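> I'd like to go over a predicted model; first the sequence, then the structure.
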Amino acid sequence: MEALRIHGGTALQGTVRAAGAKNAITKLIVASLLSDKRSIFYNVPNISEVEVTLGFCEEIGMDVQWDKDAGILEVITKELKTTYIPQKYSGANRIPILMIGALLGRTDQDIIVPTVGGCSIGARSLNFHIMALEKLGAQIEYRGMKREGAYFAQAHHGLKGSLIELPYPSVGATENSILAAVRAKGTTLIRNAAMEPEIIDLILYLQKLGANITVDVDRSIHIEGATDFYEVEHHVITDRIEAASFGLAAITSGGRVFVEGAQHEHMITFLNKLRDAGGCFKVQANGIEFFREGPLDGGLHLETDVHPGFLTDWQQPFVVMLTQAQKSSVIHETVYENRFGYIETLNLMGAKIDTFNQCLGGTNCRFASQDYAHSIVVRSPTPLYGQNISIPDLRAGFAYVMAGLIAEGVTTICGLHYLDRGYENIADKLQKLGAEVERVPLTSLPEVEPELSKLQTIENSAEVQVP
C-alpha cells in the first residue's frame, strides 16, 4: 500500500499528455465481445480500470495482447468459454452490467454478472438498464448468492428491435441499449439517449465493426441489427476529465501547462465556465494551454448536467479552484445525489464550503424534494493547509491532489487505488510539471484522518447569504 505525499506551493509548469479516456476504452473492450473478429485499440491508458475490465473479459474467452508502453491493445474473442463473470469481480467497477448487453445477442446461455461497483457517489440504479434490455426481449433477475448477489440474464428467444424511451439520459443505460440492439433483429430506436463524447466514440467503433447506427439531434439513436462483422482499428479519444484536471491544477497553482491531446470539441462547456471564473486557455492544433493572468474572479452559479452540459466529473477539481477565487460561488449537482462527500475534508484543510439540500443557483432538479446534500456555496478565497487525508472516490481524489498542491505544508493522501483507476502515472506526470510529490509506503506515514461519516448540511438556505 502506498500514499501520495505532496509539498504544496509549487506552480505547475510544462507539458503533460492526457491519456485515452477511461470511460471510452472500457466500454470499447466490452463492445468487442459482440463479434469474433479482432479489434486493435490505440491510445489505451495504462490504468487499473482497464486491467480489471480485461480481467473479466479474459475469464469468458477474450485473448488479449497489450503493449502498455505503446498504448496499443489487441483483443479477440473467437469463442465464449463461459458466460459467468466470477464473483471475485463483484464491486470492482460498473462495467460488468454492460456485459449483458454485449453478450445477449451472441449466446443463448444464461449470462451471470456480479453486482457492480465504482465510486460511491449516489444510488446509480440499474433500473434503466434492465428496463431497456427487457424491451429488447431479455429476461433479467437479481439473485442472492453465497458472497454477493448477481444478475442473471437470458434471451432464449432472441433479441428483437424495439422502442426504448429512457426516463433520464443515463450514460450506462444508453450504452447497454446500444450494445444489445446491435445484434437484435430489426430496428431499435432509443429516445432521450445520452450523447457524451464517449458514447459517440463507441458508436464510431461499432459502425466500423459492422453496425448501422444513426444519431439524431433530438437525443435519438436508430440502430439496425447487424449480422456481419469486421476487424477494426480504433483510436480512443482523449480523456476530457484528465485534460480538465491538469488544466485546473495549472490555473489553481498559478502555473502554465500545455495539455497535449486535449480535444477542444469535447470541452466547450468546461472552457466557458473556466473563462467565466477568470481562468485562461489557448487552443492549439494538438492540445490546449491553461494559465491565468491575474486573480481568479469566481462568483459563479454552476450546474452539472448531462452532455453537452457541465460534466459532473469536472465538478470536484473545479470546486478546489473556486476556493481560491475572489468571490463566492454556488454549485448545484443535478446528476448524482451524493457527489459532495469530499467537501468535509476540504473544509478540514481550510476551505469554507456549506452544503445544502435545496436546489441552489438555478432550476429545480430531480433531487429537489429529497433529503440529499446536492448544492454547495464555496466561500472564497481561503488558504488551504496540508493534512493527512483519505480518498473517498476517483474524482475527489484529484481534487485532494489539487488541494495539496496549493496548500501550505505537507499533504499525505491515502486510497491511491481510486486515483489509479482513472489517472495514468499521476505522480510521474506531476513531478515532470515541477510538483514536489512522491509515492511513499503507507507504513512510513503518520496516522491518516478517517473519512468523515456524514456531511453537515444546512437545511435552510436562508441561514446564509448566497452570492
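Noted; the coordinates are in hand.

> give me the element Gln302 is part of.
Residue 302: Leu, not Gln. If you go by DSSP states H and E, Leu302 is part of strand 301-303.

> Double-check Glu141 against Tyr151; I have them as touching.
Yes - using C-beta atoms under 8 Å, Glu141 is in contact with Tyr151, at 7.4 Å. (C-beta placed from N, C-alpha, C; glycine too.)

> okay, the two: which has more neighbours?
Using other C-beta atoms under 10 Å, the more surrounded residue of Glu141 and Tyr151 is Tyr151, with 22 against 10.

> Next, the contact list for that one, please.
97, 100, 112-115, 126, 140-142 (C-beta atoms under 8 Å, 6 or more residues apart in numbering).

> again, only using 10 Å
By C-beta atoms under 10 Å, 6 or more residues apart in numbering, the contact set of Tyr151 is 85, 96-97, 99-100, 111-116, 126, 129-130, 140-143.

> which residues does it bridge with?
Judged by DSSP bridges, the bridge partners of Tyr151 are Val113, Tyr142.

> change the start of the numbering to 657 and stick with it
Sounds good: first residue 657 from here, last item Tyr807.

> Against Ala758, how distant is Met718?
11 Å (C-beta to C-beta, to the nearest Å).

> what is in contact with those two at once?
685-686, 688-689, 733.

> Inside helices: which ones of the residues you listed?
With DSSP state H as the criterion, helices contain 685-686 from among the shared contacts of Met718 and Ala758.

> In terms of distance to Ile820, which of the shared contacts of Met718 and Ala758 ranks first?
Val686 (18.6 Å; C-beta to C-beta).

> Enumerate every residue touching the closest one.
Counted by C-beta under 10 Å, 6+ apart, Val686 has contacts 709, 712-713, 718, 751-759, 831-832, 835, 858.

> Let's see that with 8 Å instead.
Val686 neighbours (C-beta under 8 Å, 6+ apart): 709, 713, 751, 754-755, 758, 835.

> Contacts for stretch 715-729, please.
Residues contacting stretch 715-729 (C-beta under 8 Å, 6+ apart): 675-676, 681, 685, 688-689, 696-702, 706, 710, 713-714, 730-742, 745, 755, 759.

> Drop anything exposed from the residues you listed.
Among these, those classed as buried by 16 or more other C-beta atoms under 10 Å are 675-676, 681, 685, 688-689, 696-697, 699-702, 706, 710, 713, 731-733, 736, 739-741, 745, 755, 759.

> Pull stretch 905-916 out as CSV, backbone CA atoms only.
Output of stretch 905-916 as CSV, limited to C-alpha atoms (Å, rounded to 0.1, in the frame of the first residue of the first chain):
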residue,chain,number,x,y,z
ALA,A,905,-4.3,22.2,-11.4
ALA,A,906,-2.2,24.6,-13.6
ILE,A,907,-4.5,27.5,-13.1
THR,A,908,-5.1,27.0,-9.4
SER,A,909,-1.4,26.7,-8.7
GLY,A,910,-0.7,29.9,-10.7
GLY,A,911,1.3,28.0,-13.3
ARG,A,912,1.1,27.4,-17.0
VAL,A,913,0.6,23.9,-18.5
PHE,A,914,0.0,22.7,-22.1
VAL,A,915,-2.2,19.6,-22.1
GLU,A,916,-1.2,17.6,-25.2
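
> Just the mean pLDDT for it, thanks.
Averaged across stretch 905-916, pLDDT comes to 99.

> and if you look at stretch 1007-1023?
91.

> which parts of that stretch are buried?
Neighbour-count burial for stretch 1007-1023, counted by 16+ other C-beta under 10 Å, picks out 1007, 1009-1017, 1021, 1023.
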